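>>> Give me the fold of what follows.
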Amino acid sequence: MKSHSFKIRSIPYLFAFITVCAYGLLLGQTGFYWDDWPFAWIAEFLGPKEFIQAFTGVRPFLGPIFFVTTSLIPPIPIYWQIFALVIRFLSGISAWFALSQVWTHHKKQALIASLLFLVFPGYSQHWVAFTHINQEWIPFIFYLLSFGFTARALRNPDKFTSNTILALILTVAGVFPTEYFIGLEPIRFLFIWVIIAEETDTWQQIFFQAVKRWWPYLLVWLANAVWLAYFYTIGSYDSYNVEIASEPLNLLQLPATLLDALWKAGIYIWGQVIWLITNTIAAPSSLAAVGLIVTTFMLVLFYLTNLDIASSRSKIFALPALLTLLIGIVGILLGRMPSFAAGLPLTLQSSNDRFMISMMLGGSLFITGFIELLIKNSRIKTWCFALLIALGVGQQFFNANIFRRDWMKQQEIFWQLAWRIPALEPNTLLLTDELPLDYETDISMTAPLNWLYAPEYTRSNLPYAMMYSEIRLGGTSLPALEENIMIDVGIRTVWFHGSTSQAVIFFMPKDGCLQVLDAAQGDQYTYRSESSFLVNAIPLSKPENIIASNDIPHLEFLSEPDHTWCYYYLKAELAHQQKDWNTVVNLIDEALKLGYAPENSFEWLSYIEAQAMLGNFEAAEKMTDDLLAREKGIRNGLCQVWKRVQVQIPAGSDTESRVHNILFQFACEK
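Numbering: from 1, shown residues only. Purely as a prediction, here's the structure:
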């Protein structure tokens, strides 16, 4: 007996520790992403019952799951991130339950595979919590538990019927809500094979006994396949096109696709974090990830080395390890099939790595069996497993930091919108080329836009929408950047019906403050070096749809940040829109006195114009000289400023002559 041995009852605490290390360290700094926003908006304004109708035509069995969870948890990001942490802990425990029932005589290997499953580094979408908890993780937990109760039924003949019924119910709850796990059912057959093989000698007997135990689950699987075939091809499910059905030649891509999946899910992802860290080794987040990997490795190694988890039979794991490896290969390949059938790519470190969820169990079993077969020395094996778990923790921390930055940028955009646009005329479209965000689309951003500007919304047409011209232009939703084009944008059961004739064009640079663009200000010339998808939309912009107000709209769960440069600048831009030159100058002067300055030189333009309109020509001219000396690309913007000043001053005055000379001096008449 080891002097510091850990008992089997300590294993849930190990799962909790690993879960917090992998997913909880930045929990308070993450929020809503991607489809989280539409779902949260529905929960807030239409209520949990709305999800039943919202999913009627798209995964109808998901509606009840959303109804239950949104009835219990308010649509506030921190609550859903905490819930996601609990769900991931439960998923790890569920995997441990299932695998320990299959490999009852090799519980340590089952534990290691379950821990690898918990931190599986190929799946980075944990923080899209509202969406993925409901759409995938809750059904996945049901499915994992069904594997465990199937194994328990086989190992407890006296309770075979009750355990089998429970396993079948959990199987239905696992596969019908989402098509993600349609390919995993053969893994159950292989688990049954493993259990029967312990007592049966011949392959024929094992096969027939396994089929005999598996056939009820096979019926559920076939029923689900028939349902999906109907729903995809005859019914109303329209999220994806099934490319295998429509383009049979895609089957020629199958071998390469499956090898790619096996490489990524079985091998590459376990060392991926090393490559990612070395690319940004000096960044504080990378150094923190290295520190976390080292700390986790030492603690997990200490735990596994001192874990008192006995085997009731031979400790030799050679044949089970080979079966584990083979089951892992099958699990990876079958897990890739649903996304392949839909023609969807498997790209890592993107939203598409959500398809890894159906390969997680297979990938974890594969690497467990691979290490067991490759390395004979038990101590070195333990070191390898501890290192893989630590690398998985480090990868998930690295992912969390990406989502942290994205959430910070989202909040920056929301508050800058609120400062620059305190209120909007109903039925207004906000149009831009794209936003500097990793995980949000224009459709998903339509939800917080309505939350921000229509906090008293009751069921009706959506008053506002956001659209990205770069991804929509030329399609049915935005055929052209022209007046009087009807725009329809939906959040499940409710729609925005508007027009390009009532649009506000805005621009969010990667560095600098949000800009509302206006053709009347010559912005198509000032910003002509930007994306054509943005510049060509500027003539549609009607800033008069912005309503000036002293009230600042806000989302109740977002604290207003400190008032730095962008706050003063955007308030000054609002005053500039109203030609309140004194307020423009006062706001910028206040910001400068506080030590703030713009990152983007274009943010001086309104200040120069306000100074000129107040008669401070020397200051305006000097700033123009200084800017032009520093940045030649700002010439068009400066020319537009002085042309506007020329139009607004009295004709025939000395001032007009001075402005004319300035325009000539800066070669603005060319």
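>>> in this structure, which helix or strand is least confident?
helix 243-246 (a mean of 46; mean pLDDT, DSSP states H and E).
>>> which strands and helices sit next to the helix or strand following that helix?
Using DSSP states H and E, the helix or strand that follows helix 243-246 in sequence is helix 254-266. Counting contacts by 3 or more Cβ pairs under 8 Å, 6 or more residues apart in numbering; DSSP states H and E, helix 254-266 is packed against helix 318-341, helix 360-374. (Each C-beta comes from the backbone N, C-alpha and C, glycine too.)
>>> any chance of these in a markdown table, plus mean neighbour count and mean pLDDT?
Converted to a markdown table, the helices and strands packed on helix 254-266 look like this (neighbours: other Cβ atoms under 10 Å; pLDDT from 0 to 100):
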| stretch | mean neighbour count | mean pLDDT |
| --- | --- | --- |
| helix 318-341 | 21 | 85 |
| helix 360-374 | 24 | 94 |
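>>> Save the ones you listed as TSV, and put in distance to Ser606 too.
Listed next are those as TSV, based on distance: least, Cβ to Cβ, whole Å:
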stretch	distance to Ser606
helix 318-341	49
helix 360-374	52
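>>> Compare those helices and report which one is nearest to Ser469.
helix 318-341 (28.7 Å; Cβ to Cβ).
>>> what is the orientation angle of that closest one with helix 254-266?
120 degrees (axes from the mean of the first three to the mean of the last three Cα atoms, to 10 degrees).
>>> now the angle between helix 360-374 and helix 318-341, please.
Using the same axes, to 10 degrees: helix 318-341 against helix 360-374 is 150 degrees.
>>> so what does helix 318-341 touch, helix or strand wise?
Judged by 3+ Cβ pairs under 8 Å, 6+ apart, the packing partners of helix 318-341 are helix 107-118, helix 185-197, helix 243-246, helix 254-266, helix 360-374.
>>> Would you mind giving those as a markdown table with distance to Arg644 added?
Output for the helices and strands packed on helix 318-341, formatted as a markdown table (distance: least, Cβ to Cβ, whole Å):
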| stretch | distance to Arg644 |
| --- | --- |
| helix 107-118 | 60 |
| helix 185-197 | 68 |
| helix 243-246 | 53 |
| helix 254-266 | 55 |
| helix 360-374 | 59 |
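>>> closest to Thr428 out of the ones you listed?
Judging the helices and strands packed on helix 318-341 by Cβ to Cβ, what sits closest to Thr428 is helix 243-246, at 37.8 Å.
>>> in the helix or strand harbouring Arg152, what's buried?
Arg152 is located in helix 138-155, with elements delineated by DSSP H and E. For helix 138-155, burial by neighbour count (16 or more other Cβ atoms under 10 Å) applies to 138-154.
>>> Check stretch 29-49 too.
Across stretch 29-49, burial judged by 16+ other Cβ under 10 Å covers 29-46, 48.
>>> Pull it out as PDB, backbone CA atoms only.
Taking Å, rounded to 0.1, in the frame of the first residue of the first chain, the C-alpha atoms of stretch 29-49 are listed here in PDB:
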ATOM      1  CA  GLN A  29     -14.200  36.600 -19.000                       C
ATOM      2  CA  THR A  30     -16.200  34.700 -21.600                       C
ATOM      3  CA  GLY A  31     -19.700  35.300 -22.900                       C
ATOM      4  CA  PHE A  32     -22.000  34.600 -25.700                       C
ATOM      5  CA  TYR A  33     -20.900  33.600 -29.200                       C
ATOM      6  CA  TRP A  34     -22.300  32.600 -32.600                       C
ATOM      7  CA  ASP A  35     -25.800  31.100 -32.200                       C
ATOM      8  CA  ASP A  36     -25.800  31.800 -28.500                       C
ATOM      9  CA  TRP A  37     -27.000  35.300 -29.200                       C
ATOM     10  CA  PRO A  38     -30.200  34.400 -31.100                       C
ATOM     11  CA  PHE A  39     -31.000  31.600 -28.600                       C
ATOM     12  CA  ALA A  40     -30.400  34.000 -25.600                       C
ATOM     13  CA  TRP A  41     -32.600  36.700 -27.300                       C
ATOM     14  CA  ILE A  42     -35.400  34.200 -27.800                       C
ATOM     15  CA  ALA A  43     -35.200  33.100 -24.200                       C
ATOM     16  CA  GLU A  44     -35.300  36.700 -23.000                       C
ATOM     17  CA  PHE A  45     -38.000  38.200 -25.300                       C
ATOM     18  CA  LEU A  46     -40.100  35.200 -26.500                       C
ATOM     19  CA  GLY A  47     -39.700  32.800 -23.600                       C
ATOM     20  CA  PRO A  48     -38.700  29.100 -23.300                       C
ATOM     21  CA  LYS A  49     -41.800  27.800 -25.000                       C
END
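>>> quick check: mean pLDDT across it?
The average pLDDT for stretch 29-49 rounds to 96.
>>> Also stretch 294-301?
96.
>>> can you dump the C-alpha coordinates of it into CSV?
Provided in CSV are the C-alpha atoms of stretch 294-301 (Å, rounded to 0.1, in the frame of the first residue of the first chain):
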residue,chain,number,x,y,z
VAL,A,294,3.7,21.9,-16.4
THR,A,295,1.6,22.3,-13.3
THR,A,296,-1.1,20.0,-14.5
PHE,A,297,1.4,17.4,-15.7
MET,A,298,3.1,17.2,-12.3
LEU,A,299,-0.2,17.0,-10.4
VAL,A,300,-1.8,14.4,-12.7
LEU,A,301,1.4,12.4,-12.7
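>>> Chain neighbours aside, what residue packs nearest to Leu190?
In space, and not counting its chain neighbours, Leu190 is closest to Ile327: 4.8 Å by Cβ to Cβ, 6 or more residues apart in numbering.
>>> Let me fix that, I meant to ask about Ile73.
Tyr79 (5.2 Å).
>>> For that neighbour, grab the count of nearby residues.
15 (other Cβ atoms under 10 Å).
>>> Buried residues of the helix or strand containing it, list them for me.
Per DSSP H and E: Tyr79 is located in helix 77-102. For helix 77-102, burial by neighbour count (16+ other Cβ under 10 Å) applies to 77, 80-85, 87-102.
>>> From Phe207, how far out is Arg379?
Separation of Arg379 from Phe207 (Cβ to Cβ, to the nearest Å): 38 Å.
>>> neighbour-wise, which of the two wins?
Phe207 (14 against 10).
>>> Apart from its neighbours in sequence, what residue is nearest the more buried one?
Trp193 (7.8 Å).
>>> show me the contacts for that neighbour.
Ile206, Phe207, Ala210, Leu323 (Cβ atoms under 8 Å, 6 or more residues apart in numbering).
>>> got it, and Ile371?
Lys381, Cys384, Phe385, Leu388.
>>> Test my guess that the third one contacts Thr305.
This means Phe385. No: counting by Cβ atoms under 8 Å, Phe385 stays clear of Thr305, with 10.7 Å between them.
>>> Compare these two (neighbour count), which wins?
Phe385 (25 against 16).
>>> So that one versus Asn377, what's the distance?
12 Å.
>>> now Asp201
31 Å.
>>> So what's the gap between the longest helix along the chain and the chain middle?
Longest helix in the chain by number of residues, with DSSP state H as the criterion: helix 378-420. Taking Cα atoms, centre = their mean, to the nearest Å, one finds the center of helix 378-420 at 12 Å from the center of the full chain.
>>> Quick one: name whatever helix or strand follows that helix.
Trace forward from helix 378-420 with DSSP H and E and the next one is strand 423-424.
>>> neighbouring strands for the very next helix or strand once past that following strand, and are they parallel or not?
Sequence order places strand 428-432 as the next helix or strand after strand 423-424, per DSSP H and E. Applying DSSP bridges, strand 428-432 is found paired with strand 464-468 (parallel), strand 503-507 (parallel).
>>> out of those, nearest to Leu478?
strand 464-468 (6.2 Å).
>>> number of nearby residues for Val175?
27.
>>> and what of the one 3 residues further on?
Thr178 has 22 neighbouring residues, counting by other Cβ under 10 Å.
>>> Equivalent analysis for Met623, please.
Met623, neighbours per other Cβ under 10 Å, totals 18.
>>> residue contacts, it?
Trp604, Tyr607, Ile608, Gln611.
>>> Domains of the chain: list them as residue ranges, please.
What automatic domain parsing lists as the domains of the chain is 8-405, 421-557, 562-670.
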